[in-house]
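1. Sharing a model prediction with you, sequence too.
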Amino acid sequence: MKRQLILEDGTVFVGEAFGSEQEKTGEVVFNTGMTGYQEILSDPSYCGQIVTFTYPLIGNYGVNRDDFESIEPAVHGIIVKEMCDFPSNFRSQFSIDAFLKAKGIPGLAEIDTRKLTKKIREFGTLKGKMCSMDVNVDEVVHSLKTAVLPTNQVQQVSTKRAYPSPGRGNKVVLVDFGMKHGILRELTKRQCDVLVVPHNVTAEEILRLEPDGIMLSNGPGDPKDVPEAIQMIQGVLGKIPLFGICLGHQLFALACGANTEKMRFGHRGSNHPVKDLEHNRVMITSQNHGYTVEEASLTGTDIVVTHRALNDGTVEGLKHKFHLAFTVQYHPEASPGPDDANLLFDQFVNLMETNKKAGNEACLNA
Ligand SMILES: NC(=O)CC[C@H](N)C(=O)O
């Protein structure tokens, strides 16, 4: 069966349909990872987006029960050059096609994904719609041009209620803005006693729990659409050690008085080189972001750049000059991708330990 992707600039890509028959609109983005499609399609930060894979063959090792980054995928569509119909792997339980059908997500194969990616690189991310062949293209283009992207993605994917992930180590409040489960796995691996809380938790609620640390997760959309989180961060900063990832990093920057801006086409993939400026080391990182912290806006704030993207020089890490708080724009939990930056979770545990030993003084006078 044929299906088409219609873009807001009028471009139409006709290919083979797979997955669900639902028609969905979204911001079309590309991911340059060579593996890890299951983690990518279940990463809640893709909420409302349609993901094109630049790697030409997707689906060959199937979908298994272990590699999900969320229970309900929030992505609005998947585009590939070639979809493997007969996956082969000892862990595979179903095909992408069967999985997407069950989850109401449309797929499109056999289109020129290089052409689509080049277009996005040149013009920036575009709104698009995955449609059947009998729609009126002009009408769809018109509706895409006037469509406003949603602003409530974090609300859609964040947990509705707090839930524990018990451990015997440091007490961590993990704020779920659309958390990848890899973050929870890394904290659990380090024996942390985690309480996952919804995105709209207040600073008072967190302080009442007396945690040893607070972790801000990744999440979808524009960080400026989550003002309640910015306020919460201002309320806990300097009182509890803090570690933020991706959306958490952007929210931290906003809370400290810096600014964020939308990038032309963002960073999505598991092969992004980042320089750790403090240790003069380069890491290959996993990334998925369309916004970035505007470097010029850091002047006059109390935060400094600790990491930088080597491809385009954008800010990839920050730390507070006076408080125990640091954040990264990339994904140290990997899943998918290289775990070069995994030690940041150890660094977070060390901060919590240091602060506890100092009777919380370290946090105030870092
Ligand atoms: N993975 C993330 O947390 C992404 C953050 C934000 N939604 C962005 O696109 O920049």
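-> Here it is on my side, so go on.

2. Run through the residues of the stretch 151-300 of the chain sitting next to the ligand.
-> When proximity is defined as C-beta under 6 Å from any ligand atom, the stretch 151-300 of the chain approaches the ligand at Asn218, Gly219, Pro220, Gly221, Cys246, Leu247, Asn288, His289, Gly290, Tyr291. No exception for glycine: its C-beta is placed from N, CA and C like everyone else's.

3. out of those residues, who's nearest Arg308?
-> The shortest approach to Arg308 among those belongs to His289, at 14.3 Å (C-beta to C-beta).

4. Assign a three-state SS to that closest one, would you?
-> strand (DSSP: H, G, I helix; E, B strand; the rest coil).

5. hey, where'd the strands end up in the stretch 201-350 of the chain?
-> Along the stretch 201-350 of the chain, counting by DSSP state E, counting those that start in this stretch, strands occupy 213-216, 242-245, 260-276, 281-293, 303-309, 315-320, 325-328.

6. Who are the packing partners of the fifth one?
-> Read it as strand 303-309. If you count contacts as 3 or more C-beta pairs under 8 Å, 6 or more residues apart in numbering; DSSP states H and E, strand 303-309 packs onto strand 260-276, strand 315-320.

7. With mean pLDDT as added columns, please give these in TSV.
-> As requested, these are arranged in TSV below (pLDDT from 0 to 100):
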stretch	mean pLDDT
strand 260-276	97
strand 315-320	98
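
8. And those: which comes nearest Phe68?
-> With C-beta to C-beta as the measure, strand 260-276 is the member of the helices and strands packed on strand 303-309 nearest Phe68 (16.5 Å).

9. who does that closest one pair up with?
-> strand 281-293 (antiparallel), strand 303-309 (antiparallel) (DSSP bridges).

10. hey, which of these is tucked in deepest?
-> Compared across the strands paired with strand 260-276, strand 281-293 shows the largest average neighbour count, a mean of 21 (mean count of other C-beta atoms under 10 Å).

11. Can you check what angle separates that strand from strand 315-320?
-> 90 degrees (axes from the mean of the first three to the mean of the last three C-alpha atoms, to 10 degrees).

12. Run through who's touching the longest helix along the chain.
-> In the chain, with assignment by DSSP state H, the single longest helix is helix 343-357. Contacts with helix 343-357, where a contact means C-beta atoms under 8 Å, 6 or more residues apart in numbering, come from 169-170, 172, 186-187, 189-190, 192, 212-213, 215, 241, 243, 324, 326, 328, 332-333, 361-363.
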